[in-house]
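Participant: Sequence and predicted structure below; questions after.
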Amino acid sequence: MMKTSVLPTQKTKISLLLIESFKAIIEKLIQALTRSHELQVWRKKDRNGNAYWQAFDPKTRKSTSLSSEAEMRIWIEQRYYHSD
């Protein structure tokens, strides 16, 4: 009996990579077109499907990536609500 492989083919891997690259380009384009002065926060997934959070501050042009929503909330609070 012949087994069929369920692993993605090289062509499928390339197609998925192209789709992810296209999504990233579209996301950057949308950000550029809708740029505001407010903090931007969004959730993403890495290539293994693990979720993480990203933030970008257009005023300072600084960004961060954090592994959880709780970490992101702490970062925002420290950055924007606490003055040292």
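Facilitator: Cool, the structure landed. Residues are numbered from 1 along each chain as shown.
Participant: how much space between Thr9 and Ser68?
Facilitator: Thr9 sits 35 Å away from Ser68, going by CB to CB, to the nearest Å. C-betas here are computed from N, CA, C, even on glycine.
Participant: Now the spatially most central residue of the chain. Its backbone dihedrals?
Facilitator: What sits nearest the mean C-alpha location of the chain, by CA atoms, centre = their mean, is Lys44, with 3.6 Å. When read as degrees, to the nearest 10, the backbone of Lys44 gives phi -130, psi 170.
Participant: got a list of what it touches?
Facilitator: Residues in contact with Lys44 (CB atoms under 8 Å, 6 or more residues apart in numbering) are Ala51, Tyr52, Trp53, Gln54.
Participant: same question, Ser68
Facilitator: By CB under 8 Å, 6+ apart, the neighbours of Ser68 are Tyr52, Trp53.
Participant: Just the buried residues of stretch 48-62, please?
Facilitator: Trp53, Ala55, Asp57 (16 or more other CB atoms under 10 Å).
Participant: Where does the closest residue to the second one other than its chain neighbours sit, in terms of helix or strand?
Facilitator: Computed as CB to CB, 6 or more residues apart in numbering, the closest residue to Ala55 that is not its neighbour in sequence is Val41, at 4.6 Å. Applying DSSP states H and E as the criterion places Val41 in strand 40-45.
Participant: partners of whichever helix or strand comes after that strand in the sheet?
Facilitator: Moving toward the C-terminus from strand 40-45, the next helix or strand (DSSP H and E) is strand 51-57. Sheet pairing of strand 51-57 (DSSP bridges) gives strand 40-45 (antiparallel), strand 62-66 (antiparallel).
Participant: Take those and lay them out in JSON lines including mean pLDDT and distance to Lys13.
Facilitator: Formatted as JSON lines, these follow (pLDDT from 0 to 100; distance: least, CB to CB, whole Å):
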{"stretch": "strand 40-45", "mean pLDDT": "93", "distance to Lys13": "17"}
{"stretch": "strand 62-66", "mean pLDDT": "93", "distance to Lys13": "24"}
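Participant: tilt between the one helix or strand Leu17 maps to and strand 40-45?
Facilitator: Using DSSP H and E, Leu17 sits in helix 10-33. Relative orientation of helix 10-33 and strand 40-45, computed by axes from the mean of the first three to the mean of the last three CA atoms, to 10 degrees: 170 degrees.
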